[in-house]
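Asks: this one's structure only:
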């Protein structure tokens with residue numbers, strides 16, 4: 001009798017390791033599945049973050065290329081890019097610059113609406129926080145105009161503002177800016193101070209989107225010369241009731257009076273139309 005009992009116990013002991021193996025294998029498969037899901041999500045999060053970081057350099061390059069093509073009619077430059085989640089768009093006539101000039105005999109106003117270029121990355125793929133705003137280029141951000149021979153004609157910034165009417169995105173934005181240069185010509189009998197102002201106006205071109213490219217083309221250039229200048233004011237405004245308002249652009253000022261030296265002052269104003277096309281093969 002004792003012999004039979006011992007034999008039965010021996011049989012039960014032979015089954016237990018098999019059951020344990022099945023349980024351990026199932027547990028390992030479950031852990032591995034969770035790990036794979038986490039690793040996959042982590043990988044695609046890094047891809048989206050890479051899209052955002054590379055878009056900063058892309059849009060800074062576009063901002064510099066605007067200056068390359070704006071002042072020569074017919075000049076064209078194309079930039080290639082690659083993105084997994086993002087999309088580059090232009091929003092026409094978003095920002096309105098008004099340049100008001102007072103001379104000894106008259107008042108003159110130039111009002112120009114320009115589009116903006118945006119790299120849009122859905123917040124479902126990558127997000128920082130609602131209200132996020134980062135100045136990318138140039139570092140000068142304490143005035144409405146940009147001054148100096150090395151100053152660009154566009155600002156680049158990143159912004160996350162949700163919700164918005166065109167979708168929820170974190171955006172890297174290129175917006176044209178007014179560049180101001182000062183120079184003087186002095187002779188023994190007179191002194192003339194020249195103020196040169198440059199403003200590119202972005203307009204929408206064709207968008208077949210056959211490739212991931214952005215093409216900028218200088219379409220037209222207008223030049224104005226005004227003498228006996230006594231004051232110059234630059235003001236910026238946005239679409240009333242639009243999501244693209246002063247909070248979106250976060251300009252330090254919405255109006256600026258330029259410093260005018262004494263003597264004879266001449267303003268040279270250059271306005272250029274730059275066409276923005278996407279995916280031209």
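Replies: The structure has been received and is ready for your questions. Model, not experiment: these values are computed from the prediction.
Asks: got the contact list for residue 224?
Replies: Listed by C-beta atoms under 8 Å, 6 or more residues apart in numbering, the contact set of residue 224 reads 110, 267-269, 271. From N, CA and C alone the C-beta is placed, and that goes for glycine too.
Asks: try it again with 6 Å
Replies: residue 269 (C-beta atoms under 6 Å, 6 or more residues apart in numbering).
Asks: Now do the helix or strand where it lies, average pLDDT.
Replies: Assigned by DSSP states H and E, residue 224 belongs to strand 213-226. Per-residue pLDDT values over strand 213-226 give a mean of 97.
Asks: next one: stretch 76-84
Replies: Averaged over stretch 76-84, pLDDT sits at 94.
Asks: just to revisit the earlier point, immediately after the strand holding residue 224, which helix or strand?
Replies: On the C-terminal side of strand 213-226, the closest following helix or strand by DSSP H and E is strand 229-238.
Asks: What lies in contact with whatever helix or strand comes next after that next one?
Replies: Sequence-wise, the next helix or strand downstream of strand 229-238 (DSSP H and E) is helix 246-249. The contact list for helix 246-249, computed with C-beta under 6 Å, 6+ apart, reads residue 161.
Asks: tell me which strands and helices the helix or strand just after helix 246-249 is in contact with?
Replies: Following helix 246-249 in sequence order, the next helix or strand is strand 255-257 (DSSP H and E). Judged by 3 or more C-beta pairs under 6 Å, 6 or more residues apart in numbering; DSSP states H and E, strand 255-257 is in contact with strand 229-238.
Asks: gap between the strand it packs on and the chain center?
Replies: Strand 229-238 sits 25 Å away from the centroid of its parent chain (C-alpha atoms, centre = their mean, to the nearest Å).
Asks: next one: stretch 148-162
Replies: Put simply, stretch 148-162 sits 7 Å off its chain's centre (C-alpha atoms, centre = their mean).
Asks: contacting residues around residue 134?
Replies: Contacts of residue 134 (C-beta under 6 Å, 6+ apart): residue 158.
Asks: Tell me if I am right that residue 64 is in a strand.
Replies: No - if the criterion is DSSP: H, G, I helix; E, B strand; the rest coil, then residue 64 is helix and not within a strand.
Asks: ok, how many other residues are close to it?
Replies: Using other C-beta atoms under 10 Å, residue 64 has 16 neighbouring residues.
Asks: Thought residue 273 was touching residue 220, still the case?
Replies: Yes - the criterion here is C-beta atoms under 6 Å, and residue 220 meets it with residue 273 at 4.6 Å.
Asks: Once you drop chain neighbours, what's closest to the residue nearest the centre of the chain?
Replies: With distances taken as C-alpha atoms, centre = their mean, residue 173 lies nearest the centre of the chain, 1.9 Å away. Spatially, and ignoring its direct neighbours in sequence, residue 173 is nearest to residue 118 (5.1 Å; C-beta to C-beta, 6 or more residues apart in numbering).
Asks: Any idea what the one you found is bridged to?
Replies: On the basis of DSSP bridges, residue 118 is bridged to residue 89, residue 173.
Asks: contacting residues for residue 244?
Replies: Per C-beta under 6 Å, 6+ apart, neighbours of residue 244: 94, 238.
Asks: before we move on, back to that, measure the residue nearest to the centre of the chain to residue 233 for me?
Replies: With distances taken as C-beta to C-beta, to the nearest Å, residue 173 is found 25 Å from residue 233.
Asks: Next: residue 119.
Replies: Taking C-beta to C-beta as the measure, residue 119 falls 32 Å from residue 233.
Asks: now swap in residue 164 and tell me
Replies: Relative to residue 233, residue 164 is positioned 31 Å away (C-beta to C-beta).
Asks: ok, residue 72 to residue 217 distance?
Replies: Applying C-beta to C-beta to residue 72 and residue 217 gives a distance of 10 Å.
Asks: neighbour-wise, which of these two wins?
Replies: Per other C-beta under 10 Å, whichever of residue 72 and residue 217 has more neighbours is residue 217, with 20 against 11.
Asks: beta partners for that one?
Replies: Beta-bridge partners of residue 217, as defined by DSSP bridges: residue 76, residue 275.
Asks: circling back: how deep is the residue nearest to residue 173 tucked in, by neighbour count?
Replies: 24.
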